Structures are given as C-alpha cells and as structure tokens.
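Visitor: A predicted structure for the sequence below; I have some questions about it.
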Amino acid sequence: MPDRLEQGFRKLKSRADFWSLRHVEETREQFAVRQDIVEPPAFSTDRGAMLTAVCGGGHGYCATSDTSDAGLQAALDRATAWAEATRAISICAYDPQRMPVPRGERIESARRTPSADALYDLLAGVCRDARIDERIVERYAALALRTVDQVHLTSTGGAVHQRFHSVVPQAHVTANAGTVTQTRSFLNAKQGGLEHIEDCGFSACGAHLAQEALQLLLAPNCPAGRMAVLLMPDQMMLQIHESIGHPLELDRILGDERNYAGTSFVTPDMFGRYQYGSPLLNVTFDPSLPGELAGYAFDDDGTPAEKVWLIRNGVLERPLGAHLGGIERRPGAFQQALLVAAPLPHPELGAEAPEHVAGEVDEVDALVDEFAAAG
C-alpha cells in the first residue's frame, strides 16, 4: 500500500458519515508498424482519484487529478456536498453503518519485457507477412503494454491494493478491388505478460488476416431470409458483449446513462422471470478467471470477486454489477442497489457437440472445422 496516499487519506476530514478514496495510476506503452514503417513509440501516465461520500442516505462523488492533501480534501468536500444534496432523492438509502470494510491485495508480478527493437521486429514481421497481394492496401500491427495500480481506502478502515498488467496485441489488414473494400482485424487483450503474445497466435496473424480480407472481396453478400446461423467464436464474443453485456448494465437500466451511452430494453421487473433466450442459454460473470482483462480480486468499491449467474436456462437472473453494502430500497426504486461493471459475460458450455449444433446449417463440415481450429 503506497504509504503517502494512505497517510494523506487518514488526514481527511468530513461531516459525511462515510467516505472512501479510489486512486488509479495507469501507465501505457505502445509500439506500432504501419505499411512496414516504424511509428514512434508512445508512453503515457494517467493518474487520478475518486472521492465518494455517504451522508444521511445520500451519495456523492468527485474526481480529481490533484492528489495532494489539499486536492483530496477539496474533492471530498465537493463529494460530501453532493451527498447532502441528493439525500432526499437518491434511488437507494445508503446506510453508513453497513458500508463494507474491504481489506486485501492482488499484486501481479512484473511482466517480462524484451527490448523495443525486439518488439518492433515482431510487429514488422506481422506487417510484412500481410503483403501477399497487390490488392492489400493497408497493413498495421501494434502492441500496447499496460500497468494499472489501484488503491481503495475507506473511512471505516478498509484498504485494498491491486496491480494489473495487460498486453494488447492488435493488427488489421485492408484489401480493395474497385469499389469494394474489406478489412479484417486481430485484437486479443489479456492480463499477464508477453507470454500472451506467444499463446494467442499474434505473430502468425498477418498472412491470415490478408487472406481473409481477399476472400471477403469475392464473397457474395449475405442472403436475406430466415435461416439457421452458426456464429464462430470471434463473432459470438462480440454478439454476447452487445446483446447481453450492454443491455444488462444497471446504469443503463435505471437511466443514469441515457445521455451518454443510451438506455436498455431491460426493465427491473424482468429479473427472475424474463426469458432472455432458449433454455440452452447460460451466461455468467466470473472476475476470478485467470488472464481475463476484466479480472480482479475486488471491484471498484471493494466487493470481493465472485462468480454470478446472469442468465440461467434462458431466464434473466440479475444485471451486470456488484453488490454495494448498506443500502435500502426507496419507493419506486430498484430493489437492489448495484454498481455496474461492463466486462464481457461468459457463456457456460453445454453438452451439445459442435456437429449437433451445426446440424441445420449448410456447409456443416467447413463450419465445424473452423470451429475446431478456433478452439
């Protein structure tokens, strides 16, 4: 636990019944090669704090980049003022006596980092491998290395320290023929070190993306009509994110995001009874899975990570988020206060083999082979 930050937090004064601090420092390095030309490396550091206050059942917060003692105190004062202003209109009545007291840490070990020359050699190879045809008009490969250090402190004695390392390899290849342009891309973000690059197949993706982009130039448009469709893993991941992940974000459901990201067709009364999909659909959120980009030991409010069911046997059970202690439902409000998180939900595997699932789809053999290759 950074001593200076904790010492500064313990000096804070407030008329609020409860207050907390979440300090986040993110460092990011990016390397890229475009059209066989090395781009300058980029390095950035983003640092800031969020002060939260609970006062008389109200809830307020304020973010600041000034992490000095005076800066943190000013942010806490403003958060307290917002908590006092919202105590009568808050969706939930927050009980300061029941707020959590999280304690623990998750510190990922430092990743193995090769030299910049080695990284650029890798990216140049991906870019070079995509140059297989004159119709290939754009080739790009990049790698981002990210470290996030997060501290959460509460006025009740809570103290959580977490550090995450992630690697984000990405590439895209564009092909053009006349008026038709097609792009295929690669993106595989995981927590961990550079061993992830070896595991995800990034070094060999250049030629594969180029071949797919060329194939799309000649592919007919998708036919119209009602038919069975088998989604491959890369498309299925996106479909789950868009069709399940975003609609189940509680801030959208309650309307807090209507002016920013939009709302949701899901309403609070749907939980526990709405048939979201077929009885074969089972979806969970598990932040304890190793390597997942959204994995953690504690969420942003100190709630310990746990696996939860979002959809079971096709029935919607709960929204995306984490329980926040010390709340009561106000009249007309949702019956459980949840702070939303927006990671990727996970489909729970069923007993059906790919051959059975693909039984009603044309070109079954090709689809099954591609499914197996995607693993």
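Guide: That came through, no problem.

Visitor: tell me how many other residues surround the residue nearest to residue 311 when sequence neighbours are not counted.
Guide: Excluding the flanking residues, the one nearest residue 311 by CB to CB, 6 or more residues apart in numbering is residue 283, at 4.2 Å. (C-beta placed from N, C-alpha, C; glycine too.) Using other CB atoms under 10 Å, residue 283 has 21 other residues around it.

Visitor: residue 291 now?
Guide: The number of residues packed near residue 291 is 11, by other CB under 10 Å.

Visitor: now do the same contact list for it.
Guide: For residue 291, the contact set (CB atoms under 8 Å, 6 or more residues apart in numbering) comprises 190-192, 196.

Visitor: measure it to residue 193 for me?
Guide: Going from residue 291 to residue 193 by CB to CB, to the nearest Å gives 11 Å.

Visitor: the closest residue to residue 300 other than its chain neighbours: neighbour count?
Guide: Nearest non-adjacent residue to residue 300, counting by CB to CB, 6+ apart: residue 22, 5.9 Å away. Using other CB under 10 Å, residue 22 is surrounded by 20 other residues.

Visitor: who are the neighbours in contact with the closest residue to residue 302 other than its chain neighbours?
Guide: Leaving aside its sequence neighbours, residue 302 sits nearest to residue 102 (CB to CB, 6+ apart; 3.0 Å). Residues near residue 102 by CB under 8 Å, 6+ apart: 152, 154, 158-160, 298, 302-304.

Visitor: run the last query once more with 10 Å
Guide: 20, 152-154, 156-160, 297-299, 301-304, 325 (CB atoms under 10 Å, 6 or more residues apart in numbering).

Visitor: so how do I select the buried members of those in ChimeraX?
Guide: Buried members of the contacts of residue 102, defined by 16 or more other CB atoms under 10 Å, are picked up in ChimeraX with:
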select :20,152,153,154,158,159,160,297,298,299,301,302,303,304,325
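
Visitor: now intersect the contacts of residue 102 with the helices, please.
Guide: Among those, no member falls in helices (DSSP state H).

Visitor: distance check, residue 75 against residue 149.
Guide: Distance of residue 75 to residue 149, computed by CB to CB: 19 Å.

Visitor: now swap in residue 18 and tell me
Guide: Look at residue 18 and residue 149: by CB to CB, they are 24 Å apart.
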